[in-house]
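> With the input below, show me the fold.
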Amino acid sequence: MTRTALPPSVAFEAAENEGSNPSHGPTIGDLIATRLSRRDLVKGLAAVSIAAEALWPKALAAAPASGEEKGAASRFDFVELPIAPGSKTHHVAEGYDADILIRWGDAVLPDAPEFAPGKPDAAAQEKQFGYNNDFLGFIPLEGRSDHGLLVVNHEYTNGELMVPGLAPRSDKDSQFSGVTREIVDTEMMAHGGSVIEIRREGGKWSVVPGSRYARRITAETEIAVSGPAAGHARMKTTADPTGTRIKGMLNNCAGGVTPWGTWLTCEENFNGYFWGKAAAEPVTKEARALRRYGAPGEWYAWGRYHDRFDTLKEPNEANRFGWVVEIDPLDPTSVPVKRTALGRFKHEGAGNIVNGDGRFVVYQGDDERFDYVYRFVTDGKVDLANRAANKDLLDKGVLSVARFKSDGTGEWLPLIHGAPNKDGQVWLSAQNGFEDQGDVLIHTRLAADMLGATRMDRPEDIEVDPKTGKIYLMLTNNAKRKADQTDAANPRAENLFGHIIEITPANGDHAAPAFTWEILLNCGSPAVAEVGATFNPATTENGWFGMPDNCAIDSEGRLWVATDGNSTKRTGRADGIWAIETDGERRATSRCFFQVPTGAEMCGPCFTPDLETFFVAVQHPGETEDDAPPSTFDTPSTRWPDFKDGIPPRPSVVAITRKGGGKIAG
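The predicted structure follows:
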């Protein structure tokens, strides 16, 4: 890839999500167009006509900046944060503190050395907090909200911000100039995840030093393989002829926490770590599968020093990534497990719920343009009285992929080898290239293509409301949507700003084969009619946003959305956290609560059970903002959070609490 004017994260987001799906199933854009033309024009919510140019500016101007609109009461009690794009620091709503809890390079293990900026050291990084913190999960100790374990994903690294003299990852012309073995090994140690023990005393959170729970998982940590793909021929390598032991986890983005206290961490864009461009012809089955997953991506120099990341030398190694990994934070000696029954794709999230019949249900998005939404239902039931009984619960069950219909209904299509569909046809068979169930799961995307699943606009996080059972799906964007897929009710060609879908399981049964769905809102500026945003008119000029990504639903059933891709140029706002109303007259009203510093992305929203602390993750602060010169170690766009010369920007976890105590927005 040649150098682009986009910031590195945005440039790579474009590359990561080009869309490798060649199938011709209906896109979600096609279905939304039909669905909204039938429903939302009747409701008057199609803000896409010329009249919208007059409606939205007046509504925005009339709405109080505080977000305390007249009419129905809001479920969120806070003074809305005014937008301040391009700021070098973070901002939180009035009446709240936002304190740095832990930064890249801070100690995790008891013998970790001090952070030494600009000096790559793999041995040190293995014991320190990793880079680009993403998903956060809080696991209480002894049932307390002021003492627990925080589990943290470390998605990827920005070498140009970590080490002096390196070009951005987007600059492929550099051919990884200056990237040494020590830098690569340090990057590998900065990936994976961290377990830290934290405690709140005197109203402030801190990391408990020397904790027996403290743990780092990296790209070199031994991880077991379980489920139908364990031991499969396509999982075997020179280093692991059994196909049951894998070194490390990669590009861990969103995730989830189970009711029995384990951490589900999801591998996303694993394709970018692999080298080895094969000849264009002939297109073998394995080459086709790699291509469907976008591998090899060659975003990093790892293949230069580690043969396992070269697909020409180890063709099966890429099959060993793209899974959900289950980790037990309460047992630091336990071996993490890749649960292959949940499928292999670019996982974003593992929203979950215990179904009414006791089975465990996990919802997952595949974060790429034109890819799919999945659901996994266990065969066995959750036993909350016996934690050990749930140890292998995720190894047996049914993975399904979603088909959305234009009448507002949908169905889950089971991905089961040899099973006939409702018309008696067997698609997932040896005749069609799937030898067994392990094959179906290793090549989940290809199996979903075969069944005709609905192609989506980058499905990212997906979470379940514990009170209503409704599921909220974040669709970040899809600039590849063609103009001929639009109509008057939904002119979302080149969907730059994304949307949010609300899914309701049939009869409240999360294992049911059917569901209904509707658009909660189309994102983007309501003041620009062509965008087609559908925020409630009560939303203020600070309240709208684009590019929904991660989300959280608190214990009161309130939806909080984190964004990725907003900027001064694209939306006139930074990424941050927005509170979204989902019911009643205020449905689709949004209010800004938190904003990240320049160049950063908002990740990992999660709450303590008492709702008195809101943890968020600030990822890649200091990246290039819009068309500015590329940020580097020496010239970042901000030096957040330390603001000291010679100290680079450091991805960090932030603990948000209410001044004087009390519930967040309560």
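> for Glu460, helix, strand, or coil?
At Glu460 the chain is in strand, as set by DSSP: H, G, I helix; E, B strand; the rest coil.
> contacting residues for it?
Ala254, Glu348, Gly349, Gly365, Asp367, Met474, Leu475, Thr476, Pro548, Asp549, Asn550, Asp564 (CB atoms under 8 Å, 6 or more residues apart in numbering). Bear in mind the C-beta positions are built from the backbone N, C-alpha and C, glycine included.
> cool, and Ser334?
Ser334 sits next to Ile327, Asp328 when contact means CB under 8 Å, 6+ apart.
> per-residue confidence for it?
If you check Ser334, the pLDDT there is 98.
> ok, so of the contacts of Glu460, who is nearest Asp423?
Distances from Asp423 to these, taken as CB to CB, are shortest for Gly365 (27.3 Å).
> Correct me if wrong, but that closest one is in a strand.
Yes - with three-state DSSP as the criterion, Gly365 is assigned to a strand.
> Double-check it against Met474; I have them as touching.
Yes - between Gly365 and Met474 there is a contact under CB atoms under 8 Å: 7.5 Å.
> what is in contact with those two at once?
Contact criterion CB under 8 Å, 6+ apart; residues shared by Gly365 and Met474: Pro459, Glu460, Asp461, Ile462.
> Quick check: the two most widely separated of these?
The largest separation in the shared contacts of Gly365 and Met474, counting by CB to CB, is between Pro459 and Asp461 at 8.6 Å.
> Report the set of residues contacting both of the two.
Common contacts of Pro459 and Asp461 (CB under 8 Å, 6+ apart): Glu348, Gly365, Met474.
> what's near enough to touch Asn252?
Applying CB under 8 Å, 6+ apart, we find Asn252 in contact with 134-135, 153-155, 191-193, 265-268, 325.
> That should have said Gln364, apologies.
266, 324, 342-343, 345, 347-351, 373-376, 462.
> returning to what we had before: mind putting the shared contacts of Gly365 and Met474 in a markdown table, pLDDT included?
A markdown table is the format used below for the shared contacts of Gly365 and Met474 (pLDDT from 0 to 100):
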| residue | pLDDT |
| --- | --- |
| Pro459 | 93 |
| Glu460 | 95 |
| Asp461 | 97 |
| Ile462 | 97 |
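> which one of the residues you listed sits closest to Arg570?
Arg570 has its nearest neighbour among the shared contacts of Gly365 and Met474 in Glu460, at 17.2 Å by CB to CB.
> And the closest one, how far from Phe497?
Separation of Glu460 from Phe497 (CB to CB, to the nearest Å): 13 Å.
> What about the nearest residue to Pro548 once chain neighbours are set aside, how many residues nearby?
Once flanking residues are discounted, Pro548 sits nearest to Met474: 4.2 Å by CB to CB, 6 or more residues apart in numbering. Met474 sits with 29 neighbouring residues when counted by other CB atoms under 10 Å.
> With Ala98 instead?
Ala98 has 18 nearby residues by other CB under 10 Å.
> returning to what we had before: out of the shared contacts of Pro459 and Asp461, which is nearest to Ala107?
Glu348 (29.7 Å).
> Isn't the closest one up against Asp366?
Yes - counting by CB under 8 Å, Glu348 does reach Asp366; the two are 7.2 Å apart.
> anything in contact with each of the two?
Common contact partners of Glu348 and Asp366 (CB under 8 Å, 6+ apart): Pro459.
> Can you pull out the residues in contact with the helix or strand Met189 falls within?
Assigned by DSSP states H and E, Met189 falls within helix 181-190. With CB under 8 Å, 6+ apart as the test, helix 181-190 has contacts from 104, 120-122, 125-126, 130-132, 154, 157, 159, 162-163, 166, 216, 218-220, 248, 300-302, 304-306.
> Next SSE downstream of that helix?
According to DSSP H and E, the helix or strand after helix 181-190 is strand 192-201.
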